[in-house]
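# Dropping a prediction and its sequence here:
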Amino acid sequence: MLRCAIVGLGRWGQLLVNSCMERGEPKGNALVFTHAVVRSAGKYDEYCSQQSLTAVTDYQRLVESHDIDAVVLATPHSQHFEQIITATAHNKHIFVEKPFTMGAENARNAAESAQNAGVIIAVGHNRRFLPALQELRAMIDAGKLGTITHMEGNFSGPFALGYESSMWRANADESPAGGMTAMGIHIVDALIYLGGPIAGVNAQSQGSVLDVDIDDTTSVLMRFENGISAYLSTLCATARQWRLQVFGTQGWAQLRDHHILDFCPVGQQEAKTTTYAPVDIERAELEAFAGACRGGKPYPVTLEEAVHGIAVQDSIIESAATPSPLYPVERQGGFHPPSRSDRPFTKK
C-alpha cells in the first residue's frame, strides 16, 4: 500500500484525503494517507485526529525520511515546482493538483527531474476518469462523428464571487487569466486528450464584476496541430457549468455536467442522451496514481500531455495580457442599435 502525505489541508486537500480514507482507515488497498504537511501546527489537529494523520510543518524533513512513499500536493500553484523538485531529489512519487506548475519551463524541468529519478508524477486532471469523457474519445476514435472539424468547452462556476483579497486564489499571480488555472486548464487537458497538441491560441480575458484583482471572464480561440479549431471559455462569477462538445462531418457529441453524453448524427433532429452513473473521480485518480507507482498501468495523463498543457496555459496567459485588436465594426450612420449599458450589463 502506497504511503502518502497530503501537502496542504485546505478544502481540496481534505477532499482528496476523504476520497480514500474514512475515520483513519483506507477505503481500499491502493494507498493510505499517513501524514499531513501544514503551515500552522495545531490548526488541523481535529481533522488529523479523525483521519489518523501525523501533522508536520517541515516538508523537506518529511520527504527526506523513510516514513512515506509519495506526496500529494494540494498547495498554491506557484509552490508546485519547488515541491516537486524536492520530492524527486529524495525519490518520492508525486501526485500534484492542476496546474502541473506555473510556467512551461518549470513543467519541463519537473518532468525531466522525475524521469531522472525514476519516480512517477501524476497531474490531477480528474475528468480523465469520467466514463462519459472516455466514451466521447472512443466515439471519435471509432469514426462515429466522421472527420472532426471543431471542439468547444466551458468550465465555469461561482467560486470567485466568494473570494477575499487575503485568499491566495484571489491573487492574479496564482490565478492569471481569470479561471484558467482553477477551471480552464481542465478543459485544455480534455481538448488535448480528444484532439492532440494545440498549435496556437488567441485569448481575451477581462474583469468587471469581482471585488478582487482577478479576471472573471476568459475566452480562447485555438488551432490544433492537425488543423481543427476549438473554443474555450471559463467564467468564475456565474453558476456552475461543465460542457464539452465535438463536431464532425457525421454528427456531434456533447458532454454535459460530467455524466450526460448527447449524440446527434447527421440526418436526425434530436440527440440521443446517455446518462452515466457518478464516479468518485478523486479516488479514481489517486488509485490510478498508486497503481502506476507499483509498476501497474501507466497513469492516463502522460508527462508529454501535462507539459504541453502548461505550454498552452502559458500561451493563453500571454495572449490575454497582450490581446490582438478586434476588427472594428463600422457604424452605419443612424442605423445603429442603442447601447446596452444599463444595469444588467454594468456593475453599479
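Now that the structure is in, tell me what you want to look at.

# C-alpha from now on. contacts and neighbour counts both.
OK.

# Give me the distance from the strand or helix carrying A5 to the chain's centre.
Using DSSP states H and E, A5 maps to strand 2-7. In terms of Cα atoms, centre = their mean, to the nearest Å, the centre of strand 2-7 is set 21 Å apart from its chain centre.

# now the most centrally placed residue in the chain, nearest residue through space, not along the chain?
Central residue of the chain (Cα atoms, centre = their mean): H186, 3.4 Å from the mean position. Of all residues not flanking H186 in the chain, H125 sits nearest, at 6.3 Å (Cα to Cα, 6 or more residues apart in numbering).

# so V72 makes contact with F95?
Yes - applying Cα atoms under 8 Å, one finds V72 in contact with F95, separated by 4.7 Å.

# neighbour count winner among the two?
Taking other Cα atoms under 10 Å, V72 and F95 do not tie; V72 has more neighbours (27 against 24).

# Can you list phi and psi of the residue nearest to the centre of the chain for me?
phi -70, psi -40 (degrees, to the nearest 10).

# How about the contacts made by Q134?
R128 (Cα atoms under 8 Å, 6 or more residues apart in numbering).

# Surely it is in a helix?
Yes - assessed with DSSP: H, G, I helix; E, B strand; the rest coil, Q134 lies in a helix.

# and for stretch 337-348, what are the contacting residues?
Applying Cα under 8 Å, 6+ apart, the external contacts of stretch 337-348 come out as S208, V209.

# Please apply the same query to stretch 237-245.
151-161, 187, 209-210, 216-217, 252-258.

# which of these are buried?
The neighbour-count test (16 or more other Cα atoms under 10 Å) applied to the contacts of stretch 237-245 identifies 151-157, 159-160, 187, 209-210, 216-217, 252-256, 258 as buried.

# from those, which ones fall inside helices?
I187 (DSSP state H).

# domain ranges for the chain?
2-126, 128-278+301-321 (automatic domain parsing).

# Is it possible to get TSV of these that adds distance to Q332 and mean pLDDT?
Converted to TSV, the domains of the chain look like this (distance: least, Cα to Cα, whole Å; pLDDT from 0 to 100):
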stretch	distance to Q332	mean pLDDT
domain 2-126	45	98
domain 128-278+301-321	27	97
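
# Does S156 touch T234 like I think?
Yes - between S156 and T234 there is a contact under Cα under 8 Å: 5.1 Å.

# got any residues that touch both of the two?
With Cα under 8 Å, 6+ apart as the test, S156 and T234 both reach G179, M183.

# All the helices of the stretch 101-250 of the chain, in order from the start?
Ranges of helices in the stretch 101-250 of the chain, per DSSP state H, counting those that start in this stretch, are 104-117, 131-141, 185-195.

# Next, the buried residues of the longest one.
Under the neighbour-count criterion of 16+ other Cα under 10 Å, helix 104-117 has A104, N106, A107, R108, A110, A111, S113, A114, A117 buried.

# Would you mind writing the CA trace of stretch 127-135 as PDB?
Presented in PDB, the C-alpha positions along stretch 127-135 are these (Å, rounded to 0.1, in the frame of the first residue of the first chain):
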ATOM      1  CA  ARG A 127     -12.100  14.500 -15.500                       C
ATOM      2  CA  ARG A 128     -10.000  11.900 -17.400                       C
ATOM      3  CA  PHE A 129     -11.700   9.300 -15.200                       C
ATOM      4  CA  LEU A 130     -15.200  10.200 -16.300                       C
ATOM      5  CA  PRO A 131     -16.800   7.300 -18.200                       C
ATOM      6  CA  ALA A 132     -18.600   9.800 -20.400                       C
ATOM      7  CA  LEU A 133     -15.400  11.500 -21.500                       C
ATOM      8  CA  GLN A 134     -13.800   8.200 -22.200                       C
ATOM      9  CA  GLU A 135     -16.800   7.200 -24.300                       C
END
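
# quick one: W12 from D173, how far?
Distance of W12 to D173, computed by Cα to Cα, to the nearest Å: 20 Å.

# Need the contact partners of stretch 100-115.
So stretch 100-115 is contacted by 77-81, 84-85, 88-89, 120-121, 123, 303, 306-308, 310-311, 314 (Cα under 8 Å, 6+ apart).

# If any of those are buried, put those into a PyMOL selection.
Buried members of the contacts of stretch 100-115, defined by 16+ other Cα under 10 Å, are picked up in PyMOL with:
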select buried, resi 77+78+80+81+84+85+88+89+120+121+123+303+306+307+308+310+311+314
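
# Restricted to strands, list the contacts of stretch 100-115.
I121, V123 (DSSP state E).

# re earlier: pipe the helices of the stretch 101-250 of the chain into a markdown table and attach distance to S166 per row.
Shown next, in a markdown table, are these (distance: least, Cα to Cα, whole Å):
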| stretch | distance to S166 |
| --- | --- |
| helix 104-117 | 26 |
| helix 131-141 | 36 |
| helix 185-195 | 24 |
